[in-house]
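S.K.: Okay, structure incoming, though there's no sequence with it:
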């Protein structure tokens, strides 16, 4: 328990036994976030469970609003329905800061949606903050510096998303079903709409009336909100695809810009951008991959090349980032860090 | 041997023991191509091997130009270097028609590059015909009817390519290395530049000076040639990515058109397009997937929706097609069928 700090904050994690919850604990530790006490909340069913963490063995408590309000920061790693019901109850009045990982509050005008490297200026005065969709956050840290310099008019994105987007159960199903497939046993899919091993599924979250999935629309809506842009400023389309990978999302992105691009300048800029690692040396077969971006705090970017469609006014690029880190837990912890600096 | 037909053609397959060669045999049979005799050629090393096929047990012969010239049609399922050295020697004078699966001749002005449903009109008078790159052929059968109706100005494509693109060895490496990964054993990658299990590799074929890979440029060059278009007619960019899948390539495609699109008309049109199967019922989770497109002669198309970037002048769509069939063997056999009709 020696990793706790007397003058640190009391941290609560709701949904502490899930894939994202576990990573929040790990991110707090690795980021040396000053933690005085760590309280892990989950459902009645998980209460009493112990978790081995960087902070020692911790016991899970059943969630109650009252207990969670005794914290300084509460991370919600739970469903949107749960968040809708409890987030404001937790944060109201002199309650703690609540950082919600669900999509419940992301599109509400009065709730900030934050990637700290981009728009932490919206944090002051806010108690409830929405953490963005994983796919959006991973692209955003790379695209924002490009937008500032070249003014992005159009984003066309295709994603290669990992099973972790469906939680620990998603990763487990992929592993067990792959094992089954290799042994000639049929392991039925429950988490995913179709079997995922040696397959892909161009369907994440619910279909909307316009034919796009909600996951695809999240990229559209959230990128605009985080960048502070409107539909008139930037056109965005996206195709989201689940592939048989464990926990890093990758994205092939084409952007059109207002200003002329310069590939060397872009590489230079991205090599210094916070939250980003430039991996772009094709002569030695270096480019972003889940194999190398997994467990990394930084989003990898590479395959940067002048667009064959937009000429000097656009580029193609490829990114890969850990879905559970930049796509969820890390981003949430970085938000808490920014709040402490206020 | 009863599947041979007295008045059929003598068929030679060079590289008969490879992944594509084996599929050519199967396609000839399934398409009921009139075959009088089937001669399987390979390297000295494979000579004498027997192959169990729909035509019974067949013995592999060592390739010689002289013997191959005794055929009516020769399918080359070999390297570009081999094709460059021998294709014209085989087809010259009164030699057989040669259909080459490599990229060796695809970009030569005097050699036709053919997807039979699109441009079989270029076949008359030609003895040596190039079969397109798999990624290109799979997209082309879907995009061409759209081009005829709406005039495509821009194509932006991201691919999800199977290990079969690297031949039988590629599929084998993916299976063995996945098995190893699950058992905690390290199976080193030889075929692919990096380990493929639970990973992806945004790198197929050699990098070009413009930062695109040759695989990506094949899509650009070949789509234009097959459609009979120039760089001024259609702008194309592409990102090619290897994913841990066995033998179907998928592609997320955004197109911009000159004419206004109509989604219902597109669905109607593609449901009747030759070589295409419309799989686009999101209400029942039906969309193109390797799981369903593998071993199918038709390319699946779905996720058809009006583009959020181009409005009425463009769509997003998703395709999946068997890499060894439309992407190679089937297309080659269909070319031979068209030649017989001349």
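M.R.: Noted; the coordinates are in hand. Predicted model only: the values in this text are computed from it and were never measured.
S.K.: Following the lengthiest strand in chain A in sequence, what is the next regular element?
M.R.: Scanning chain A for the longest strand, with DSSP state E as the assignment, gives strand A:311-322. Towards the C-terminus, the helix or strand next in line after strand A:311-322, according to DSSP states H and E, is helix A:330-341.
S.K.: in that following helix, what counts as buried?
M.R.: Residues of helix A:330-341 classed as buried: A:330, A:331, A:332, A:333, A:334, A:335, A:336, A:337, A:338, A:339 (neighbour count, 16 or more other CB atoms under 10 Å in any protein chain shown). C-betas here are computed from N, CA, C, even on glycine.
S.K.: Kindly report the same for stretch A:16-25.
M.R.: Under the neighbour-count criterion of 16+ other CB under 10 Å, stretch A:16-25 has A:16, A:17, A:18, A:19, A:20, A:21, A:22, A:23, A:24, A:25 buried.
S.K.: which phi and psi does the residue nearest to the first one when sequence neighbours are not counted have?
M.R.: Pointing back at residue A:16 there. The shortest distance from residue A:16 to any residue that is not its chain neighbour, by CB to CB, 6 or more residues apart in numbering or on different chains, is 3.5 Å, and that residue is residue A:40. Here is the backbone geometry of residue A:40 (degrees, to the nearest 10): phi -100, psi 120.
S.K.: what do you get for the one 4 residues further on?
M.R.: Here the main-chain torsion angles of residue A:44 (degrees, to the nearest 10) amount to phi -50, psi -40.
S.K.: repeat for residue A:223
M.R.: Here the main-chain torsion angles of residue A:223 (degrees, to the nearest 10) amount to phi -60, psi -40.
S.K.: Same check on the one 3 residues further on?
M.R.: For residue A:226, the backbone dihedrals are phi -70, psi -40 (criterion: degrees, to the nearest 10).
S.K.: contacting residues for the residue nearest to residue A:330 when sequence neighbours are not counted?
M.R.: By the measure of CB to CB, 6+ apart, the closest residue to residue A:330 outside its immediate chain neighbours is residue A:27, 5.0 Å from it. Residue A:27 makes contact with A:33, A:325, A:329, A:330, A:332, A:333, according to CB atoms under 8 Å, 6 or more residues apart in numbering or on different chains.
S.K.: what about the residue lying closest to the second one once chain neighbours are set aside, how many residues close to it?
M.R.: Pointing back at residue A:325 there. For residue A:325, ignoring the flanking residues on the chain, the nearest one in space by CB to CB, 6+ apart is residue A:297 at 5.9 Å. Look at residue A:297: counted by other CB atoms under 10 Å in any protein chain shown, it has 17 neighbours.
S.K.: where does residue A:297 land in three-state SS?
M.R.: State at residue A:297, reduced to three classes by DSSP: H, G, I helix; E, B strand; the rest coil: coil.
S.K.: So it sits against residue A:321, correct?
M.R.: No - judged on CB atoms under 8 Å, residue A:297 makes no contact with residue A:321 at a distance of 9.2 Å.
S.K.: Look up how far chain B lies from the residue lying farthest from the centre of chain A.
M.R.: In chain A, the greatest distance from the average C-alpha position (CA atoms, centre = their mean) is reached by residue A:184, at 35.0 Å. The span separating residue A:184 from chain B equals 12 Å under the rule CB to the nearest CB, to the nearest Å.
S.K.: now residue A:207
M.R.: In this structure, residue A:207 and chain B are separated by 4 Å, where distance is defined by CB to the nearest CB.
S.K.: Skipping its backbone neighbours, what lies nearest that residue in space?
M.R.: Spatially, and ignoring its direct neighbours in sequence, residue A:207 is nearest to residue B:282 (4.3 Å; CB to CB, 6+ apart).
S.K.: circling back: who does the longest strand of chain A pair up with?
M.R.: Using DSSP bridges, the strands paired with strand A:311-322 are strand A:248-257 (antiparallel), strand A:299-307 (antiparallel).
S.K.: Tell me which of those sits most buried.
M.R.: Neighbour counts averaged per stretch over the strands paired with strand A:311-322 are highest for strand A:248-257, at a mean of 26; criterion: mean count of other CB atoms under 10 Å in any protein chain shown.
S.K.: Leaving out chain neighbours, which residue sits closest to residue A:258?
M.R.: For residue A:258, ignoring the flanking residues on the chain, the nearest one in space by CB to CB, 6+ apart is residue A:151 at 3.9 Å.
S.K.: which phi and psi does the one you found have?
M.R.: When quoted as degrees, to the nearest 10, the phi and psi of residue A:151 stand at phi 60, psi 100.
S.K.: That one: how many residues sit nearby?
M.R.: Using other CB under 10 Å as the criterion, the residues surrounding residue A:151 number 14.
S.K.: Could I get the full set of helices for the stretch 51-200 of chain A?
M.R.: Secondary structure of the stretch 51-200 of chain A by DSSP state H, counting those that start in this stretch: the helices cover A:65-68, A:80-91, A:116-119, A:134-150, A:167-182.
S.K.: State the distance from the nearest residue to residue A:278 once chain neighbours are set aside to chain B.
M.R.: Distances taken as CB to CB, 6+ apart place residue A:271 nearest to residue A:278, at 4.2 Å, with adjacent residues excluded. Taking CB to the nearest CB as the criterion, residue A:271 is separated from chain B by 16 Å.
S.K.: Residue A:271 contacts residue A:279, correct?
M.R.: No - with contact defined as CB under 8 Å, residue A:271 does not count as touching residue A:279 (10.0 Å).
S.K.: Neighbour count for these two, which is higher?
M.R.: Comparing residue A:271 with residue A:279 by other CB under 10 Å, the one with more neighbours is residue A:279, at 22 against 13.
S.K.: Pull the contacting residues for the more buried one.
M.R.: With contacts defined as CB under 8 Å, 6+ apart, residue A:279 is in contact with A:286, A:287, A:288, A:292, A:300, A:301, A:302.
S.K.: For chain B, what's its nearest residue on the stretch 151-300 of chain A.
M.R.: When CB to the nearest CB is the measure, the stretch 151-300 of chain A has its nearest residue to chain B at residue A:211, with 3.0 Å between them.
S.K.: is it true that that residue lies in a helix?
M.R.: No - secondary structure of residue A:211 (three-state DSSP): coil, not part of a helix.
S.K.: measure it to residue A:203 for me?
M.R.: Between residue A:211 and residue A:203 the computed distance is 11 Å (CB to CB, to the nearest Å).
S.K.: before we move on, what about residue A:112?
M.R.: The value you get for residue A:112 to residue A:203, if CB to CB is used, is 30 Å.
S.K.: ditto for residue A:304
M.R.: Applying CB to CB, one obtains 29 Å for the distance of residue A:304 from residue A:203.
S.K.: swap in residue A:4?
M.R.: In terms of CB to CB, residue A:4 sits 44 Å off from residue A:203.
S.K.: Do I have it right that residue A:228 meets residue A:115?
M.R.: No - assessed by CB under 8 Å, residue A:228 is found out of contact with residue A:115, at 11.7 Å.
S.K.: could I get the strands paired with strand A:311-322 as a markdown table with mean pLDDT?
M.R.: As requested, the strands paired with strand A:311-322 are exported to a markdown table (pLDDT from 0 to 100):
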| stretch | mean pLDDT |
| --- | --- |
| strand A:248-257 | 98 |
| strand A:299-307 | 98 |
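S.K.: With distance to residue A:267 as new columns, can those be given to me in JSON lines?
M.R.: Listed next are those as JSON lines, based on distance: least, CB to CB, whole Å:
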{"stretch": "strand A:248-257", "distance to residue A:267": "15"}
{"stretch": "strand A:299-307", "distance to residue A:267": "6"}
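S.K.: returning to what we had before: tell me if I'm right that the residue of the stretch 151-300 of chain A closest to chain B and residue B:303 touch.
M.R.: Yes - here residue A:211 lies in contact with residue B:303, judged by CB under 8 Å, at a distance of 7.3 Å.
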